[in-house]
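Chemist: Got a sequence here, can you build the structure:
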Amino acid sequence: MSRDKKNKKLLKVLVFILVAAIFIGLIILVTGKKKTEEKAETLPAVVIQKPVRQNLLESVTISGYVEAKNMIPVVPFVSGTIMEYPVQAGEFVTKDTLLAKIDDAPYRQQFLQAQAAYFASQSTFERIESLYNSGATTQQNYDSVKAQRDASKAQYDLAKLQMDYTEVKAPVDGTVLIADQAVGGIGTQTQPVAVLADLTNQVVRLKVPEKYFDLFTLEKENLQVKITRPAEKGMYEDAVTSATIENIAPYVSPQSKNFEVVCHLDEPGERFRPGMYVKVQVAFKVHENVLVLPIQTKKLDGSVYIYNSETQTVKFLQPEKTADDGEFFIVDDSFEESYFVIDGQNFVFDGQKVKLYQEALGEVGL
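Modeler: Reported below is the predicted structural model:
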């Protein structure tokens, strides 16, 4: 091989190596830039917020169920076949409204028999009384027919009362909660024909843990009660009403270690009914014009993260426990201008650089 051929071959090798080196360099440059971009894109995103000032009610929340304060089962005083049953559950009835009519045929027969016996004894008594007043009969004879007349009168009154009892009427104004009888059924003294209740007079009986006994008994006049019936999310708003504490049991059950508190619903309206599940919030202390944050700002261990807009990093903080109302907690005044991470705090660590959700930027004015 000549010297020129060797030089040409060497030149080709050098050119190939140079092209390969440039190609590899470009790959490294592009890959490094892409990794840098990917690294920037993988910064954890958080939502931040400043504390706001508002009043906070320190409270305890206990679950319970609504009850009608007075539920009246209406039972017939006589037994028999139900001939009429005009009442329906949910209907409002006034006092003396007919709820059920029991077959009165047998009671009418008893009434007619007692009536005939009474009229006969009354006629006999009047005749003997006339004779007694004229001295034509003895005191014993007079007393005997008078006793017979009085006995037949009692039987007559009883038979009339039983016949009247075949019409089962509402003893008070109220709403029919239960009406599960029917025409043709048998009305008895052991089975109510209806259950009535005054739905404007509803209560919640709370089973309160013993540790709150002093709070309820010593601060009763200062307690504020709010009752909430949770509604289906996305369909209706929660039903809310205030309530008044009517009674606090003077003892604690040794078995359950609870004591009973009866709360009367101030304005139950149409959305509270007996049997409904409710949450009862009893506020015992008012904190006025304090800095607060949503309760979800805290992690499970009570810690929070503060955002530094200059370094775009977050700082871990373990604040002292403060009062809360279940939705918000109090923040020290020294943090009035601080931004707290209210979402995403479970995925960051102390000193980590983070990015903000775009939708949060306008809210916090950054």
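
Chemist: Next, the buried residues of stretch 316-334.
Modeler: Burial within stretch 316-334, assessed by neighbour count using 16 or more other CB atoms under 10 Å, is assigned to Thr322, Asp324, Asp325, Phe328, Phe329, Ile330, Val331. For every residue, glycine as well, the C-beta is placed using N, CA and C.

Chemist: now stretch 49-56
Modeler: Residues of stretch 49-56 classed as buried by neighbour count (16+ other CB under 10 Å): Gln49, Lys50, Pro51, Leu56.

Chemist: With stretch 211-218 instead?
Modeler: Going by neighbour count (16+ other CB under 10 Å), the buried part of stretch 211-218 is Tyr212, Phe213, Leu215, Phe216.

Chemist: Return the alpha-carbon coordinates of that stretch using CSV.
Modeler: Output in CSV follows, covering the C-alpha atoms of stretch 211-218 (Å, rounded to 0.1, in the frame of the first residue of the first chain):
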residue,chain,number,x,y,z
LYS,A,211,-65.4,14.8,80.5
TYR,A,212,-67.8,17.6,79.4
PHE,A,213,-70.0,17.5,82.5
ASP,A,214,-68.5,20.6,84.1
LEU,A,215,-68.6,22.5,80.8
PHE,A,216,-72.3,21.8,80.3
THR,A,217,-73.4,22.3,83.9
LEU,A,218,-71.3,25.3,84.8
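
Chemist: Run through who's touching it.
Modeler: Contacting residues not belonging to stretch 211-218 are listed as Val60, Val208, Leu223, Ile245, Ile248, Val252, Phe259, Val261, Val282, Phe284 [CB atoms under 8 Å, 6 or more residues apart in numbering].

Chemist: Low-confidence ranges, the protein, go.
Modeler: In the predicted model, the chain carries pLDDT under 70 at residues 1-16, 19-20, 23, 30-41, 358-366.

Chemist: So which residue is smack in the middle of it?
Modeler: Nearest to the mean C-alpha position of the chain, by CA atoms, centre = their mean, lies Val278 at 1.1 Å.

Chemist: Now do that residue against Thr61, distance only.
Modeler: 10 Å (CB to CB, to the nearest Å).

Chemist: again, but for Ala105
Modeler: 58 Å.

Chemist: List phi and psi for Thr188.
Modeler: Torsion angles at Thr188 (phi, psi; degrees, to the nearest 10) stand at phi -130, psi 170.

Chemist: Next, the contact list for Thr228, please.
Modeler: Asp238, Ala239, Val240, Val278, Lys279, Val280, Gln281.

Chemist: partners of whatever helix or strand it lives in, with directions?
Modeler: According to DSSP states H and E, Thr228 maps onto strand 224-229. Strand partners for strand 224-229, identified by DSSP bridges, are recorded as strand 239-248 (antiparallel), strand 277-294 (antiparallel).

Chemist: Please name whichever of these is nearest to Phe92.
Modeler: Across those, Phe92 has its closest neighbour in strand 239-248 (19.9 Å, CB to CB).

Chemist: Need the residues that contact whichever helix or strand comes after that closest one.
Modeler: Per DSSP H and E, the first helix or strand lying C-terminal to strand 239-248 is strand 258-265. Strand 258-265 has contacts (CB under 8 Å, 6+ apart) with 64, 66, 69, 201-210, 213, 216, 225, 227, 241, 243-249, 251-253, 272, 280.

Chemist: Pull out the buried residues from the strand holding Thr228.
Modeler: For strand 224-229, by 16+ other CB under 10 Å, it's Gln224, Val225, Lys226, Ile227, Arg229.

Chemist: next one: that strand to chain centre, how far?
Modeler: 9 Å (CA atoms, centre = their mean, to the nearest Å).

Chemist: swap in stretch 206-215?
Modeler: The chain centre lies 19 Å from the centre of stretch 206-215; the measure is CA atoms, centre = their mean.

Chemist: What is the end-to-end distance of that stretch?
Modeler: End-to-end distance for stretch 206-215: 14 Å, by CA to CA, to the nearest Å.

Chemist: Spit out the contact partners of the residue nearest to Val261 when sequence neighbours are not counted.
Modeler: Beyond its immediate neighbours in the sequence, the residue positioned closest to Val261 (CB to CB, 6 or more residues apart in numbering) is Leu206, lying 4.4 Å away. Contact analysis of Leu206 by CB under 8 Å, 6+ apart lists Ile62, Gly64, Glu260, Val261, Val262, Cys263, Val280.

Chemist: so the second one sits in a strand?
Modeler: Okay, so that is Gly64. Yes - under DSSP: H, G, I helix; E, B strand; the rest coil, Gly64 falls within a strand.

Chemist: Excluding residues flanking it in the chain, which one is nearest it?
Modeler: With sequence-adjacent residues excluded and distances taken as CB to CB, 6+ apart, Gly64 is closest to Val204, at 4.4 Å.

Chemist: for that neighbour, helix, strand, or coil?
Modeler: strand.

Chemist: That one touches Val282, doesn't it?
Modeler: No - using CB atoms under 8 Å, Val204 makes no contact with Val282, being 11.1 Å away.
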